[in-house]
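# what follows is a predicted structure for the sequence shown.
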Amino acid sequence: MGIFDALTTAVAGLQAQSFALQNISGNIANSQTTAYKETDTSFQDLVSAATQNQQTTDGVIATSVATNTVQGAIQSTNVATDMAVNGDGWFVVSKPTGFTDNQPVFSGINYYTRAGDFQMDSNGYLVNSAGYYLMGIPVDSTTGNPLGSVPQVLQFNHNFIPAVETTQISYQANLPSKPSVGVLDPTGFEANPIAGAAVSAQIKGTSAALQPDAAAKGTGTVGSLTTGTTLASLGIASGGTITINDGINPTYTYTSTGTDTIGDLITGIGGSGIDVTGSVVGGNLVLTGTNDLASITVSGSGADAADIGFGAGQNSFQPTNLLTQNAVAASQTLTVTVGPLSGTPPTITGTPQTITFGTTGSDVYTLAGLQSALAGLTGVTASLDANGNITLTATDPANAIQIGGTASTSKFGITNLTALPANGTVIANDATTFTNESVDGGSITAYDADGNPVNIQFRWAKVDSASTGGTDSWQLYYQTDSTATGFEPAWQNVGTTFSFNANGQMNPPITSLTIPNLTVNGDTLGNIQLQIGANGLTQFANTSGTSQINNLQQNGFAAGSLQSVSVDSEDRVSGTFSNGQTIPLAEITLATFNGTNSLQALNGGAYAATPGSGQPSYSGTATIVGSSLESSNVDIATQFSQLIVAQQAYSANARVMSTADQMIQSLLTVIQ
């Protein structure tokens, strides 16, 4: 103890303040370093080993104090791979010991940092500015589940996701309460497109306006005749003639004797062999054909025909049949072919059955005759109503029907010459009619098992309406072949009827359904689940006349390659791929320590575990903030104040040394 001890203590003080100054200098220098943790200085006093009342202060030791548990402010950046830890946690990183073929070689030792300024290098690693490589746990791109539990160096350079086939479509829409196209009319379709309709092919006439079969009939204009009226009293002299032609048999000519009567004329007509009879009705001579083919033409010598009431303009009468109504002409035909579809493009396989119109042999010229001829057709049940509408229905549900020939089918109410079995399809021949009688239902791109895009077009057709006494009902269709021709299916009914009550809600409710074997342009997606939800399909007050699509999404996508990575809100690295998908690639592992401030600091803001810190745990509750960086936790104002204190303390210790030196000099003077 003494002056020399005081010198030693002052030197220790100078060293301690120099140590503190070095820490302050380092803190100020790193005040802008990402995630830098300031190092404070702690001073410990030393005392002499003497009895209590003889102890003196014997110097000071300065030690560093870590502030690893003090978080810096989090600031946003524009870099997608920047990340900051919010809370207690550390990024797990690794530092390569060298490179082989431009690939890093790692020692297997893990380090820890909060410096999250990571960027992807040419090899697909996320590396921060100090050269540390981010570690984490890869994630299965299909299931989203982590692949293991031990952190590993993450690499994303060659990530590729295979195609995912569409299995589900989410669909929500509000259908028009009053569609601009009205209700779909199945009679205008060769194949009935309404789900649940009778299966057998049917051709049904609806607009015929023919008259029933009737014999020719002519009524004279002399209203005072009786069978006893003499021809002479009517001005027909002896030798006068009355000629009647029925258009079939040879003409009959009656010659007056001068004393004969109307009764004699009627008897003569009846026995003449022509297809005409006579009678007196209401004082008039009435001539009537005996069948539906005979016509009546009356003529005579001089004014003899007029004398019995059949003058010019009142002397020719025709029967009512198909020929005289100009529904058909002699030798025209009506053919009916019944059989299955076969070939590409499909055609009806079958032998045409022919009905010939005319007046010879087995020809048909009346509605009754046509009914008999239709009844003789094979493969169909046929009917003919009073207006001439023909209805043909295939007896085999697998067969189609086709009408041909030279006769005009429109006379029998038929506009479609072909009928296919009803299976909910709209054939190409009917595509325009269907489009005109349905409303757009939206479209979406789905994907097959190989990742090929499949464009699915939807349309809605109203099949019943409350305004006509029914129920507001709709059916949904999708386009199965955009290039279909002829009988090939162009649109397919999904097979479900959606009915709505007066409040515009489905009744009964349908939340989901399966579209079986959905196929578009030959590309088959298989069974697709159409998810509608509890109130996904409505018919509220939509007066636009068109459907309002509220949601239309699917769960498939094409194969894709990695384009960029970013950090999401669930502590994961997510990749954006060329197919537009954003998929989690890895979970970022965060480590925590019981003795965080005992971590050993390394260059570049990294730390190593020590016995004092303990081993890392990966069950912390900290979160990662993407596109952000943690700032240094250094407070410049505090550092400046500590700098002043250190400077004053250093000067004071130097003053102690100067004083001790003066005392020694005084002692030496005494000795001299």
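Noted; the coordinates are in hand.
# and the helices in the stretch 551-672 of the chain, which stretches?
Ranges of helices in the stretch 551-672 of the chain, per DSSP state H, counting those that start in this stretch, are 636-671.
# quick one, strands of it?
560-567, 572-577, 582-588, 590-591, 600-601, 606-608, 623-626, 628-630 (DSSP state E, counting those that start in this stretch).
# turn those strands into JSON lines, including mean pLDDT, distance to Thr187 and mean neighbour count.
The C-beta positions use only the backbone N, C-alpha and C, and glycine is treated the same way. What follows is the strands of the stretch 551-672 of the chain, written out as JSON lines (pLDDT from 0 to 100; distance: least, CB to CB, whole Å; neighbours: other CB atoms under 10 Å):
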{"stretch": "strand 560-567", "mean pLDDT": "89", "distance to Thr187": "49", "mean neighbour count": "18"}
{"stretch": "strand 572-577", "mean pLDDT": "90", "distance to Thr187": "51", "mean neighbour count": "21"}
{"stretch": "strand 582-588", "mean pLDDT": "91", "distance to Thr187": "51", "mean neighbour count": "21"}
{"stretch": "strand 590-591", "mean pLDDT": "94", "distance to Thr187": "70", "mean neighbour count": "26"}
{"stretch": "strand 600-601", "mean pLDDT": "94", "distance to Thr187": "87", "mean neighbour count": "14"}
{"stretch": "strand 606-608", "mean pLDDT": "95", "distance to Thr187": "81", "mean neighbour count": "20"}
{"stretch": "strand 623-626", "mean pLDDT": "93", "distance to Thr187": "62", "mean neighbour count": "20"}
{"stretch": "strand 628-630", "mean pLDDT": "93", "distance to Thr187": "67", "mean neighbour count": "21"}
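# quick one: closest of those to Gly522.
Closest approach to Gly522 among the strands of the stretch 551-672 of the chain (CB to CB): strand 560-567, 24.3 Å.
# for that closest one, name the packing helices and strands.
strand 160-161, strand 572-577, strand 582-588, strand 623-626 (3 or more CB pairs under 8 Å, 6 or more residues apart in numbering; DSSP states H and E).
# tell me where this structure is predicted with low confidence.
The chain contains residues with pLDDT under 70 at 1-2, 50-52, 54-56, 671-672.
# of all residues in it, which one is nearest the centre?
Ile444 (3.9 Å; CA atoms, centre = their mean).
# so it sits in a helix?
No: counting by DSSP: H, G, I helix; E, B strand; the rest coil, Ile444 falls outside a helix, being strand.
# in the sheet, who's paired with it?
Under DSSP bridges, the beta-bridge partners of Ile444 are Ile456.
# OK, contacts around it?
Ile444 is in contact with Ile169, Asn455, Ile456, Leu552, Gln553, Gln554, counting by CB atoms under 8 Å, 6 or more residues apart in numbering.
# likewise Leu374?
Ile355, Ala382, Ser383, Leu384, Ile390, Leu392.
# which strand or helix spans it?
Element membership for Leu374, per DSSP states H and E: helix 367-375.
# restrict that helix to CA atoms and write it as CSV.
Output of helix 367-375 as CSV, limited to C-alpha atoms (Å, rounded to 0.1, in the frame of the first residue of the first chain):
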residue,chain,number,x,y,z
LEU,A,367,-105.2,-37.5,-93.3
ALA,A,368,-106.8,-40.8,-92.5
GLY,A,369,-104.6,-42.5,-95.1
LEU,A,370,-101.6,-40.8,-93.6
GLN,A,371,-102.5,-42.0,-90.2
SER,A,372,-102.7,-45.6,-91.5
ALA,A,373,-99.4,-45.2,-93.2
LEU,A,374,-97.8,-43.9,-90.1
ALA,A,375,-99.2,-46.7,-88.0
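# in its sheet, what does the following helix or strand past that helix sit against?
Using DSSP H and E, the next helix or strand after helix 367-375 towards the C-terminus is strand 380-384. Paired strands of strand 380-384, with direction, are strand 390-394 (antiparallel) (DSSP bridges).
# cheers, nothing more for now.
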